[in-house]
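Q: Below: sequence and its predicted model.
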Amino acid sequence: MQLERVVVRAATPGGPAPEVTVLDETTLDLTEHRVALIGPNGSGKSTLARLVNGLVEPTSGRVLVDGLDVAKKGREVRRRVGFAFTDPTAQLVMPTVAEDVALSLRHRVKGREARDVAAREVLAGYGLAELADRSVHTLSGGQRQLLALAGVLAVDPTILVADEPTTLLDLRNARRIGDLLLGLPQQLVLATHDLDLALRCDRALLVEHGRVVADGPPADVVAHYRASVG
Ligand SMILES: Nc1ncnc2c1ncn2[C@@H]1O[C@H](COP(=O)(O)OP(=O)(O)OP(=O)(O)O)[C@@H](O)[C@H]1O
């Protein structure tokens, strides 16, 4: 995916005050399998991640996914780009776990019964089979994140964008979700405060004050970040 001279500005709430620049002019060609976005709170990582599937629109410049302009071909792009949120609760909208995965499969598998069978197969693949008939509201945070990922991955996106997907999880679940994400065949764009996870990626970008200030092998970029914090 490519960012071509992308700028994101946002209006300051409540009036004609100057807009804030959330992302300064940024040009990137992200071709590596696993790309980590790291940096302090409020630096622009989420904004960068959200540009890739149109959740944030550039004020100027273009974002291209598989050569498609996200602003013009939003639907095609969203079919290719899966998104994992920090808290997936808002993504889980159906009463039961199986129904939730079935909803993700609605464009792929025709017929309610076939969809239910397919959804249960997906759940089994993630070790969630026994939760199929549970309410999504009774799941633990780790189960919920795994279910959300199962739903997103069930439709075979070519890119997965994950915005701090392990932040709310305990050590064991964070490791499990981290291992799952890093083991995916899809391209992964991962905004994270977990520097161990970032170190396992193929490329890292350090974002500060809406700018990419370091870009390269994760070991170098993480060292740069650590040194800048002191
Ligand atoms: N729509 C908006 N209006 C005003 N300010 C915004 C808007 N979107 C983002 N910002 C600001 O831009 C900056 C970058 O936000 P962003 O969420 O991308 O940061 P982040 O690096 O992901 O932070 P965190 O690590 O805390 O999640 C923040 O200061 C945020 O308040």
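A: Structure's in. What do you need?

Q: tell me which parts of the chain are close to the ligand?
A: Ala10, Val20, Val22, Gly39, Asn41, Gly42, Ser43, Gly44, Lys45, Ser46, Thr47, Ala191 (C-beta under 6 Å from any ligand atom). Backbone N, C-alpha and C define where each C-beta goes, glycine included.

Q: Could you rerun that using 5 Å?
A: Counting by C-beta under 5 Å from any ligand atom, the chain comes close to the ligand at Ala10, Val22, Asn41, Gly42, Ser43, Gly44, Lys45, Ser46, Thr47.

Q: Show me the two of the residues you listed that sit farthest apart.
A: Ala10 and Asn41 (16.5 Å; C-beta to C-beta).

Q: okay, those two: which has more neighbours?
A: Ranked by neighbour count (other C-beta atoms under 10 Å), Ala10 and Asn41 place Ala10 first, with 13 against 6.

Q: sorry, back to before: out of the residues of the chain next to the ligand, which end up buried?
A: When the residues of the chain next to the ligand are checked for burial by 16 or more other C-beta atoms under 10 Å, the buried set is Val22, Ser43, Gly44, Lys45, Ser46, Thr47.

Q: Which parts of this structure are helices?
A: Listed in chain order, the helices of the chain (DSSP state H) span 45-51, 74-80, 97-104, 112-125, 141-153, 171-182, 195-199, 218-229.

Q: re earlier: save the residues of the chain next to the ligand as JSON lines, and put in pLDDT too.
A: Converted to JSON lines, these look like this (pLDDT from 0 to 100):
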{"residue": "Ala10", "pLDDT": "90"}
{"residue": "Val22", "pLDDT": "94"}
{"residue": "Asn41", "pLDDT": "94"}
{"residue": "Gly42", "pLDDT": "93"}
{"residue": "Ser43", "pLDDT": "95"}
{"residue": "Gly44", "pLDDT": "95"}
{"residue": "Lys45", "pLDDT": "95"}
{"residue": "Ser46", "pLDDT": "94"}
{"residue": "Thr47", "pLDDT": "95"}
